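A.B. asks: The following comprises the amino acid sequence and a computationally predicted model.
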Amino acid sequence: MATPMELSCWGGDWGLPSIHTESLIVMAYAKFSGAELKIQTIDWTWKTLTGTVPALNLEDAIVTKPVHIVNYLRKQKYNVDYDLTAKQGADTLAYIALLEEKLHPALLHTFWVDAENYSNVTRPWFASRTPFPLNFYLPCRQSSAALNRILLTKGEPPLHSITEVEAKIYSDAKECLNLLSHRLGTSQYFFGNKPTSLDAFVFGFLAPLHKAHLPSGQLQQHLKQLPSLAHFCDNIISTYFIQNGLGSSPAGQDTVDANLQKLTQLVNKESNLIEKMDDNLRSSPQHRVRRSTNSNTSLVAEESSSSTPA
Amino acid sequence: MSLAAEAFVSQIAAAEPWPENAALYQPLKDDQILLSDHASSLAVQAYLRMCNLPVQVACRANAEYMSPSGKVPFIHVGNQVVSELGPIVQFIKAKGHSLSDGLGEVQKAEMKAYMELVNNMLLTAELYIQWCDENTAKEITRPRFSSPYTWPLNHVLAYQKQWEVRRKMKAIGWAGKTLDQVYEDVSQCCQALSQRLGTQPYFFNKQPTELDALVFGHLFTILTTQLTSDELGEKVKNYSNLLSFCRRIEQNYFEDHDKDSITSSTSRLSKGSSLM
C-alpha cells in the first residue's frame, strides 16, 4: 500500500531466503499476508555487530523481534489470522510458546554449540558474511550467548554436566517435533488451507534445520523421519519463495501442489516402510532419488523405485 | 533428571503403591513463600487432590535447598524425592494414576502446548514482577525471601537470588521489557486461556487434567496475593470464565478438606480473601 517497508535481516543460503530463524519468520509472514517488504541484508556491513535482526525500518520507528513485527503488520491490515476462531488464536499462542520452550534450545545447540556443526557450518557461514575484523569476534559472541541461554534456562541441578543437558533438550525437541507432526497431520497448513502466523513461526524454526547440511544432526535425522513436517517446509518454499520474480499468485499452484504433496506423502510412507524392512539388502538409490528438489521428477522416481519391490 | 536416572526412578516408582505419609515441602507459608513458588506449590497440591492422593503439606524455611533441583515444591514419597510439576506428573503416572490418559494425541499436544504457554508467560511474568521490578523487590520480595535468616545472611542470599533471576531474564530477552509490556503479556496469556476454556467446566471438557491444576495454581495465587499494585490481579479479573474456573476447582477439591491450606494463605496477605 504505502511505501514498502524495509526489513533488515541476515542473507540466505541453501535454498532459503534467510538462514536466520527470526528473519525467516518475518519474511514468511510477510509473504503470507501480501505485505511488501524491501529486504535489506546486513551481510558484509558493520550492522552485524550493532543491529538486532530482524528489524523493520519505518520512517519514525524501528520494530524488532518477530512477535512485535507481526503485531505491527497486523495493525497495518496485513492480517492472515483474520479467519481464525478465538480458540485457534489461543492455540497459536500456545504452540508458539511450545516451540520457544522445547524446540529453540535444541536448535540453538545444533547450530551454535555442537562443536562439529559450529566449526564446519555455522561459523564459516557467518564469518564469511561479516567484515574484517568482526568475523573473528561475532560468531564467538553468538555462540557463547547461545550456550549461556541453554545453561541458564535448562541447566539446573541435578543436570550437572553439559551432556546431560544436551540429552534432555534433544529429547524435548524430538517430542516437540512429534507433537507438531501429530497436530499437522495430513493437512497442508496448521489451520486449514491457508497459512497463518503459526505456520510462519513453525516454518522459521524448521526450515534452517531442514535445509542445512549438518555433519552431526541427530535432530535433522529425526525431522527427516517426519514426512509431514518436511513436506510442510518444502511446500512453503516452493509456493511462496520461488515465485519471487514471477509475481504470480500462488493460489492456482496450491491445489496442484496439494495433490502432488498428498501423493508424494503416501508414496514416501510406503517406501519408508519398505526401506526399513529391507535395510540390509538394499543400497541407497532410494536415498539419492528422494533428495532431488523438483517434486515432479521425485514423484516419478518414487513411483518407479517403489514399484520395484512389488 | 538425566534420562537414565528418570527411567530408573520410574521403574522403582512403579513397584510401590502410594504411601500414607507422603509429604510436600514448600517454604514457610506466612512469611517466606513468594508468589511464583506459591503458584507452583498450589498447582502440585491441586493435581494431587485431583488424583485423590493424600499428601501432607510441610513448611520448611530451607525447602529450596532440600529440593533435588533447587525448585519448590517437592514431594517426598516412600524413599524418593521428586520436584516440580512435570517430573511429579510423570512419577505419579508411573505409579498408575494419570489424568490425561483419555486424551488423544492431538489433545495431548495441545495440553503440552498450553502448559508451556503458562510456564513461558505467566511464570516468567511473576518472576519478573517479583525480582526485576525494583519497588516490588525492595518492599516485598527481598524481605520475604530472607525473613528466616539473620543479618548479614539475609542480605547476601536475597541479592544473590535476585542476581540469578535477573541474569536468567536477560538471557531469554525479558530484561528489556517494561512493566507495562509484562502486564500486556499476562493479559494476552489470560485471553488465550479464557478463549480455550470457553464455557466448558475444565480445559478438556469433563475431566480435569494437569493443565487445569497448573492454571488454577497460578491464577488463584495471582488473584489472592497482594503486591505493591493490584494491576496483575485486575488483568486476570477481566475474564469471568477464568474466575469461575478457579472458584469451581477451589470448591470441588479444596473446600471439603482442611480449610487451613488455602484460606490462611489468602487471609495473610490480601484484603478480601474471596475471589469476587
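C.D. replies: Nice, thanks for sending it over.
A.B. asks: Report the central residue of chain B.
C.D. replies: B:S40 (1.6 Å; C-alpha atoms, centre = their mean).
A.B. asks: is A:I62 in a bridge, and if so with what?
C.D. replies: A:N57 (DSSP bridges).
A.B. asks: In three-state terms, label B:C246 for me.
C.D. replies: helix (DSSP: H, G, I helix; E, B strand; the rest coil).
A.B. asks: what about it, distance to B:Y253?
C.D. replies: 11 Å (C-beta to C-beta, to the nearest Å). Bear in mind the C-beta positions are built from the backbone N, C-alpha and C, glycine included.
A.B. asks: same question, B:L232
C.D. replies: 24 Å.
A.B. asks: same thing with B:V55?
C.D. replies: B:V55 is 13 Å from B:Y253, by C-beta to C-beta.
A.B. asks: Flag every residue of chain A that's near chain B.
C.D. replies: A:65, A:86-87, A:89-91, A:93-95, A:97-98, A:100-102, A:145, A:148-149, A:152-153, A:156-159, A:164, A:167-168, A:171, A:179-180, A:182-183, A:185 (C-beta under 8 Å from any C-beta of the partner chain).
A.B. asks: Just those: which are in strands?
C.D. replies: Among these, no member falls in strands (DSSP state E).
A.B. asks: Can you select the buried ones among those for me in PyMOL?
C.D. replies: Paste this into PyMOL to select the buried members of these, with burial taken from 16 or more other C-beta atoms under 10 Å in any protein chain shown:
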select buried, chain A and resi 65+89+90+91+93+94+95+97+98+100+101+102+149+152+153+156+159+164+168+179+180+182+183
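A.B. asks: Quick check: which ranges of the chain have low pLDDT?
C.D. replies: Using chain A here. In the predicted model of chain A, residues A:1-4, A:48-51, A:155-161, A:243-264, A:271, A:275, A:279-310 satisfy pLDDT under 70.
A.B. asks: ah, I was thinking of chain B
C.D. replies: Those would be B:1-6, B:9-10, B:13, B:256-276, if you go by pLDDT under 70 across chain B.
A.B. asks: let's see it at 50
C.D. replies: For chain B, the stretches with pLDDT under 50 are B:1, B:258-276.
A.B. asks: residue contacts, B:E231?
C.D. replies: Counting by C-beta atoms under 8 Å, 6 or more residues apart in numbering or on different chains, B:E231 touches B:Y183.
A.B. asks: ignore the last one, B:I140
C.D. replies: Per C-beta under 8 Å, 6+ apart, neighbours of B:I140: B:130, B:227-228.
A.B. asks: one step back: tell me the contacts of the residue nearest to the centre of chain B?
C.D. replies: B:71-73, B:84-85, B:123, B:217.
A.B. asks: which one of those residues is nearest chain A?
C.D. replies: Set against chain A, the nearest of those by C-beta to the nearest C-beta is B:K71 (7.2 Å).
A.B. asks: before we move on, what SS does the residue nearest to the centre of chain B have?
C.D. replies: Taking three-state DSSP, the label given to B:S40 is helix.
A.B. asks: Next: A:L229.
C.D. replies: A:L229 ends up helix, using three-state DSSP.
A.B. asks: That one: neighbour count?
C.D. replies: Residues within reach of A:L229, counting by other C-beta atoms under 10 Å in any protein chain shown, total 22.
A.B. asks: how much space between it and chain B?
C.D. replies: 13 Å (C-beta to the nearest C-beta, to the nearest Å).
A.B. asks: got a list of what that residue touches?
C.D. replies: A:L229 neighbours (C-beta under 8 Å, 6+ apart): A:177, A:180-181, A:184, A:206, A:210, A:223.
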